[in-house]
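In: sequence first, predicted coordinates after that:
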Amino acid sequence: MNIESLVPESLRDCDVNEFMENLHKYDESLSQKVKEVEDGGGRLHYAAKVDVMEKKVEVGLLSCDASHPFNNAGPDNMVAITTNFYTRPLVVQGAGAGGDVTAT
């Protein structure tokens, strides 16, 4: 299993003040990653990808084509299942925690 954290390695063990003071140092590299994906017509999502045949799990920033259901999920949680039997992903979608819950 490969898990990519959104928190840079150097900021994982610091206090909140140090984190906030130094986070801007990573803006350019993330902006460049977003630009590269969007220039290719995609969008970045923090998501998990499971490949059953290869027995691999990836979690992190994944590039999704413009037509991918994740691009229309809004605040909902979503699972999109692609198999040999579906020409389009099978989508299971429902309410996420919502702004009121996640902001507290």
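Out: That came through fine. Here the structure is a predicted model, which is why all the values come from computation and not from measurement. Numbers count the residues shown, from 1 in each chain.
In: what is the mean pLDDT for the helix ranked longest in the chain?
Out: Of all segments of type helix in the chain, defined using DSSP state H, the longest is helix 27-39. On average, the pLDDT along helix 27-39 is 95.
In: in its sheet, what does the following helix or strand past that helix sit against?
Out: Sequence order places strand 42-51 as the next helix or strand after helix 27-39, per DSSP states H and E. Sheet pairing for strand 42-51, assigned by DSSP bridges, gives strand 56-65 (antiparallel).
In: could I get the pLDDT score of the closest residue to Thr82 other than its chain neighbours?
Out: Computed as C-beta to C-beta, 6 or more residues apart in numbering, the closest residue to Thr82 that is not its neighbour in sequence is Pro89, at 4.8 Å. For the C-beta atoms, the positions are set from N, CA and C on the backbone; glycine is no exception. pLDDT, Pro89: 88.
In: contacts for the longest helix of the chain next, please.
Out: With C-beta atoms under 8 Å, 6 or more residues apart in numbering as the test, helix 27-39 has contacts from Arg43, Leu44, Leu61, Ser63.
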